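Peer 1: Return atomic coordinates for the entry below.
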Amino acid sequence: MKNVCFEISERYCFEFDAIGSDGDHVHLFVGAEPKYSPSKVMQTIKSITARQIFKQYPEIKKQLWGGELWSDGGYIGTVGDGTTSDVIKNYVENQGSREEKEAYQQMKIFDF
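Peer 2: As a prediction, this is how the structure comes out:
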């Protein structure tokens, strides 16, 4: 996953600032050039990561509901109007229970 995110970052000039998980979903704090709409950023990340993970680990597809890594849709927010990048980064990094955070630290894909 780390290599896939680095490839996405280099190819599209996206900046992965933070990643966090809360049980059954993932939070990403990603910066992108203005030429990419927020929905295009999410679509790009979801499609490329799913394709690469299924290519490397095809057995995972059988274990997932409907054979999909990501659910349809998602939430997109932006920095501004009183919401600073530090607030968002802190929120993303502090997702989940203490046990989930400890497990995440063991499998952390980036050092932010």
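
Peer 1: could you pull out the helices for the protein?
Peer 2: 2-12, 38-56, 59-63, 85-93, 98-107 (DSSP state H).

Peer 1: Check which helices and strands the second one is in contact with.
Peer 2: If you count contacts as 3 or more CB pairs under 8 Å, 6 or more residues apart in numbering; DSSP states H and E, helix 38-56 packs onto helix 2-12, strand 26-31, helix 59-63. Placement of C-beta: from N, CA and C, glycine included.

Peer 1: Poorly predicted segments of the protein, please.
Peer 2: 96-112 (pLDDT under 70).

Peer 1: So for it, the centremost residue is which one?
Peer 2: residue 28 (3.9 Å; CA atoms, centre = their mean).

Peer 1: Find the nearest non-adjacent residue to that residue, please.
Peer 2: residue 19 (5.5 Å; CB to CB, 6 or more residues apart in numbering).

Peer 1: which residues does residue 50 contact?
Peer 2: By CB atoms under 8 Å, 6 or more residues apart in numbering, residue 50 lies in contact with 68, 69, 70.

Peer 1: Considering these, which is situated nearest to residue 95?
Peer 2: In terms of CB to CB, no member of the contacts of residue 50 lies closer to residue 95 than residue 70, at 16.5 Å.

Peer 1: ok, that closest one to residue 49 distance?
Peer 2: According to CB to CB, to the nearest Å, residue 70 stands 8 Å off from residue 49.

Peer 1: circling back: for residue 88, which of the helices and strands packed on helix 38-56 is the nearest?
Peer 2: strand 26-31 (5.4 Å).

Peer 1: Mind listing what's buried along that closest one?
Peer 2: Using 16 or more other CB atoms under 10 Å as the test for burial, strand 26-31 gives 27, 28, 29, 30.

Peer 1: what do you get for stretch 45-53?
Peer 2: For stretch 45-53, by 16+ other CB under 10 Å, it's 45, 46, 48, 49, 50, 52.

Peer 1: distance between it and the chain's centre?
Peer 2: 10 Å (CA atoms, centre = their mean, to the nearest Å).

Peer 1: again, but for stretch 43-63
Peer 2: 13 Å.

Peer 1: again, but for stretch 40-58
Peer 2: Worked out by CA atoms, centre = their mean, stretch 40-58 lies 10 Å from the chain centre.
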